[in-house]
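In: Below are the sequence and a predicted model; questions follow.
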Amino acid sequence: MDEPDLLGRIDWIALGYEMVQSIFPGWKFAAFDTIAANARHSTLLVGKRHAIAPRKDAWRNELAGFSVERCCNGNPGQSGGGAYVLDGCYQLAP
């Protein structure tokens, strides 16, 4: 299935923001380590729903190209975005 076919099967999309944590330096651990330490997922926030259909072709580039930055007390923190999904293997549409 290519990207247009996949997007044609999705009704809506929303920005999701997940807070994760780990006590392990460099995020190097085995699955049982993080389960025992209760140290992985802490919060998942899901934003407003947006319909795919009216802008299906535009979403292809926007999903890969968006970015967000986390701030704490007005100080910039970590950043991320669509290009980081699946270890950065999501590509911009041609």
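Out: Now that the structure is in, tell me what you want to look at.

In: Report the rounded mean pLDDT for stretch 32-45.
Out: Mean pLDDT, stretch 32-45: 75.

In: partner strands of the helix or strand where Glu69 lies, parallel or antiparallel?
Out: Using DSSP states H and E, Glu69 falls within strand 67-72. The strands that strand 67-72 pairs with in its sheet are strand 75-81 (antiparallel) (by DSSP bridges).

In: What are the buried residues along the host helix or strand of Phe32?
Out: Assigned by DSSP H and E, Phe32 belongs to helix 31-37. Neighbour-count burial for helix 31-37 flags Thr34 (criterion: 16 or more other Cβ atoms under 10 Å). In this view, the C-beta of every residue, glycine as well, is placed from N, C-alpha and C.

In: Tell me the strands beside the next helix or strand after it, with direction?
Out: Where DSSP H and E defines the elements, the next helix or strand beyond helix 31-37 is strand 41-46. The pairing partners recorded for strand 41-46 under DSSP bridges are strand 16-20 (antiparallel).
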